[in-house]
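Participant: fold the following and give me the result.
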Amino acid sequence: MANIEILTAEQLLDSASLDLGHSDWLTISQERINLFAEATGDHQWIHVDPERAATGPFGACIAHGYLSLSLVNLFLPQLVEIRNISMGVNYGCDKVRFPAVVPVGSKVRGQGKIIHSVNKGAFIQATIRVTIEIQGSDRPACVVDTISCYTFDTPTTNSNN
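Facilitator: Residues are numbered from 1 along each chain as shown. This next block holds a predicted model:
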């Protein structure tokens with residue numbers, strides 16, 4: 001169940017700066033890293049060779065930056081549920097950053113905030129900042145502004161945003 005439910009287009013349009021709270025913690029296992037390497041073809045030793053990585057700059061394997069980014073798909077539905085829509089699609093991302101590495105065995109979670117929403121006529125375009133936090137770290141693994149488009153079952157009457 002999501003921390004926040006958005007029920008109408010008007011509610012989404014009026015949600016700028018809304019704090020979405022935090023998702024559950026997730027442990028980053030070597031198996032998850034290896035599966036991501038298989039899916040993407042990125043088998044760099046820093047990710048998939050524990051013996052070599054132990055002597056490398058981080059002392060262990062680290063998650064791919066794009067693995068951290070992909071976890072937005074897991075965390076976002078825990079943060080917010082947009083209801084009463086006929087369709088929601090990913091439009092893209094802005095300002096993707098990877099401030100810290102995620103060593104194998106780390107726990108991460110998503111923290112969210114709605115940055116802004118704009119009425120585009122047939123749909124509402126919402127930008128949500130998701131910060132992938134690392135337990136015990138002052139710096140996040142990833143910060144991304146996700147952009148999604150939502151078509152509500154009932155058209156919006158608020159066109160001033």
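Participant: now do the same contact list for the residue of the chain most remote from its centre.
Facilitator: Computed with C-alpha atoms, centre = their mean, the residue of the chain farthest from its C-alpha average is T55, at 30.7 Å. Residues in contact with T55 (C-beta atoms under 8 Å, 6 or more residues apart in numbering): none are found. The way it works is simple: take the backbone N, C-alpha and C, and place the C-beta from them, glycine included.
Participant: quick check: it vs D49, distance?
Facilitator: 10 Å (C-beta to C-beta, to the nearest Å).
Participant: then S17?
Facilitator: Applying C-beta to C-beta to S17 and D49 gives a distance of 43 Å.
Participant: which one's more surrounded, those two?
Facilitator: Neighbours were counted for S17 and for D49 using other C-beta atoms under 10 Å; D49 has more, 13 against 8.
Participant: residues in contact with that one?
Facilitator: D49 touches C61, counting by C-beta under 8 Å, 6+ apart.
Participant: what average pLDDT does stretch 39-55 get?
Facilitator: Per-residue pLDDT over stretch 39-55 has a mean of 98.
Participant: nothing else from me, thank you.
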